[in-house]
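>>> sequence plus predicted model, see below.
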Amino acid sequence: AQSVAQPEDQVNVAEGNPLTVKCTYSVSGNPYLFWYVQYPNRGLQFLLKYITGDNLVKGSYGFEAEFNKSQTSFHLKKPSALVSDSALYFCAVRPNMDSNYQLIWGAGTKLIIKP
Amino acid sequence: NAGVTQTPKFRVLKTGQSMTLLCAQDMNHEYMYWYRQDPGMGLRLIHYSVGEGTTAKGEVPDGYNVSRLKKQNFLLGLESAAPSQTSVYFCASSYRGNYNEQFFGPGTRLTVL
């Protein structure tokens, strides 16, 4: 079965330190990959996506993500964390050969940035 | 542009009552989706629509019905609410194509007693 794993329920990082939120997937073919962020009591916001090309993609709020095909991973990164980055982060994958238009979602990782 | 809006924001129902959640988007998106979000379970797709007049089942469609009579609106109905339907419901929309990101509404918090 196709799936997306976010192995850490919670990640704690000190402000100013680099952060990584991990995502791995098990999907056939070459999927499209997405990261979304959810602030408390808000809807999800799109951060960035990988479609094709350069394995390092840049997105909103200084975030970037690295696609690794051999490891089937798409980890979210930021060089210097801010307290305001504290939120819930979701990885999502869409098989590009799949015609049912559905995203496969990870369970989410809570990111806590401590001052 | 308002983006994706949802009404109502909060609702409390008694078991067996019915209600309709309304989603509206002003971005001329072809695709629309209804999700539910429960603690520790991420997002689960209830129903989706790839165009006006068409709908399809997602991962957890039981107990819900949808309609998309106009391109900009996507309605989610609960005919006979159950406590298991207590959740936060999100609507989303996107342009046609599997590579396009989804835009989300602010959510509706539903409690079924």
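Sure thing, it's come through.
>>> residues from chain A in reach of chain B?
By CB under 8 Å from any CB of the partner chain, the part of chain A that sits against chain B consists of A:9, A:32, A:34, A:36, A:41-46, A:49, A:51, A:90, A:94, A:96, A:98, A:100-103, A:105-108. In this view, the C-beta of every residue, glycine as well, is placed from N, C-alpha and C.
>>> show me which of those residues are buried.
Buried members of the residues of chain A next to chain B, scored by 16 or more other CB atoms under 10 Å in any protein chain shown, are A:32, A:34, A:36, A:43-46, A:49, A:90, A:94, A:96, A:98, A:101-103, A:105-108.
>>> which of the residues you listed fall within strands?
Among these, the members found in strands (DSSP state E) are A:Y32, A:F34, A:Y36, A:L44, A:Q45, A:F46, A:K49, A:F90, A:R94, A:W105.
>>> residue 88: which element?
All of this is about chain A. strand A:87-94 (DSSP states H and E).
>>> actually it's chain B I care about, not the one you picked
strand B:87-94.
>>> give me the sheet partners of that strand and which way each runs.
Strand partners for strand B:87-94, identified by DSSP bridges, are recorded as strand B:31-37 (antiparallel), strand B:103-104 (antiparallel), strand B:108-112 (antiparallel).
>>> tell me which of those is the most buried.
strand B:31-37 (a mean of 25; mean count of other CB atoms under 10 Å in any protein chain shown).
>>> what mean pLDDT does that strand have?
Across strand B:31-37, pLDDT averages out at 96.
>>> same for the following helix or strand past it, what does it pack against?
Note on strand B:31-37: by DSSP H and E, the next helix or strand toward the C-terminus is strand B:43-51. For strand B:43-51, the packing partners by 3 or more CB pairs under 8 Å, 6 or more residues apart in numbering or on different chains; DSSP states H and E come out as strand B:31-37, strand B:54-57, strand B:64-67, strand B:73-78.
>>> picking up where we left off before, sheet partners, orientation included, of the strand holding A:L88?
Assessed with DSSP bridges, strand A:87-94 is paired to strand A:32-38 (antiparallel), strand A:104-105 (antiparallel), strand A:109-114 (antiparallel).
>>> up against chain A, what does chain B have?
B:4, B:31, B:40-45, B:48, B:50, B:56, B:58-59, B:90, B:92, B:98-99, B:101-107.
>>> of those, just the buried ones, PyMOL syntax please.
Buried members of those, defined by 16+ other CB under 10 Å, are picked up in PyMOL with:
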select buried, chain B and resi 4+31+42+43+45+48+50+58+90+92+98+101+102+103+104+105+107
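>>> distance of A:I112 relative to chain B?
16 Å (CB to the nearest CB, to the nearest Å).
>>> leaving out chain neighbours, which residue sits closest to that residue?
In this structure, A:I112 finds its nearest non-sequential neighbour in A:N12, 5.0 Å apart by CB to CB, 6 or more residues apart in numbering or on different chains.
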